[in-house]
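Q: just to be clear, the model below is a prediction. Sequence and coordinates:
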Amino acid sequence: MVAHGSQEKKLFAGGSPLCAGCMASLGLKLALQALGKNTIVVNTSGCLTLLSVYPNSPMRVPWIHVAIENGGAVASGIYAAYKQIGKHVNILVYAGDGATYDIGLQSLSGAVERGDDFIYVCYNNQSFSNTGVQQSSATPFGASTKTTPPGKNNPMGNLFKQKSMAKIMAAHEIPYVATATVAFPYDYMQKLKKASAIHGPKFIDLLTPCPTGWGFDPGKGIEIGKLAVQTGMWPLFEVERGKFRLTHMPNKLRPVKDYLLRQKRFKHLKEKQINRIQEIVKDKWKKLLEGKFFEV
């Protein structure tokens, strides 16, 4: 995937205490390869916090660890400081879905409303994975987590509708919003490069399959990520200055069961429940094909 001697190899050292097969780690490596050395990484508390324990870090760029709720505010502070001295740097906020969809939403919303120049990548493993895999508002309908376990009174698992952060960010009328996944690395890196050339706030929702939280073999993360796209569970698109465009178009969507039944978090689902999820995906995909991005 990445050539020897590449930018990524220079900016991100090997070895970390993260879980085997961590796709969020790969997402950060690819981001540094795309953005280069002139980058400051802001990391809110979450899984990736484990990467850097003072005084050690695999980063070959500045790395700032902050509280889970204030990634956007810290990005604003860095932007203001560099603007004052007349220098430009890629400000990359790399935060989990718990720190983005939920606890840090206020801070992120304020930063994009101010129009500050930074890139925000949500490494989305669809739960509060670092604290034991609890439900977040990025958790898919029907998924089992520690706080949404299926049982006699609720055989479905998570009953909450998954939040669309891409729609929320696009509604802020920022210049660039996209979805991506580490399973399609060049699509992701191209979006990062495009974002770095655009002034203002940019948001990328990056699907990072989690072997520990989702329940699959650590060597199958890329395969699971591809299935998410191929089944329509995670469409790849961008919204550039309000214009919506799908960036990957499967010839024909695979059945959602090909994706769901490869993961322990969905093993409890029966055929009737899988069919319900299939209809939801089919409806959403139809609207995307028609360009009805904001339609509910």
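A: Yep, it's here. Residues are numbered from 1 along each chain as shown.

Q: for the rest of this, base every contact and every neighbour count on C-alpha atoms.
A: Fine.

Q: report the central residue of the protein.
A: For the chain, the residue sitting closest to the mean C-alpha position, by CA atoms, centre = their mean, is residue 206 at 2.6 Å.

Q: A strand includes that residue, no?
A: Yes. Residue 206 forms part of a strand when assessed by DSSP: H, G, I helix; E, B strand; the rest coil.

Q: do a quick rundown of the strands in the stretch 51-200 of the chain.
A: Here the stretch 51-200 of the chain has its strands, by DSSP state E, counting those that start in this stretch, at 63-66, 90-96, 118-124, 176-181.

Q: so what pLDDT did the residue sitting furthest away from the middle of the chain get?
A: Distance from the C-alpha centroid of the chain peaks at residue 152, with 32.4 Å (CA atoms, centre = their mean). You'll see residue 152 listed with a pLDDT of 91.

Q: one more: the one 3 residues further on?
A: The model reports residue 155 with a pLDDT of 94.

Q: what residues are up against it?
A: By CA atoms under 8 Å, 6 or more residues apart in numbering, the contact list for residue 155 reads 268, 269.

Q: what comes up buried for the longest helix belonging to the chain?
A: Longest helix in the chain by number of residues, with DSSP state H as the criterion: helix 271-289. Residues of helix 271-289 classed as buried by neighbour count (16 or more other CA atoms under 10 Å): 274, 277, 278, 281, 282, 284, 285, 288.

Q: okay if I get these as a markdown table plus pLDDT and distance to residue 187?
A: Output for those, formatted as a markdown table (pLDDT from 0 to 100; distance: CA to CA, whole Å):
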| residue | pLDDT | distance to residue 187 |
| --- | --- | --- |
| 274 | 97 | 29 |
| 277 | 97 | 26 |
| 278 | 98 | 25 |
| 281 | 97 | 22 |
| 282 | 96 | 23 |
| 284 | 95 | 21 |
| 285 | 96 | 19 |
| 288 | 96 | 18 |
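
Q: which pair in the residues you listed has the greatest spatial separation?
A: 274 and 288 (21.1 Å; CA to CA).
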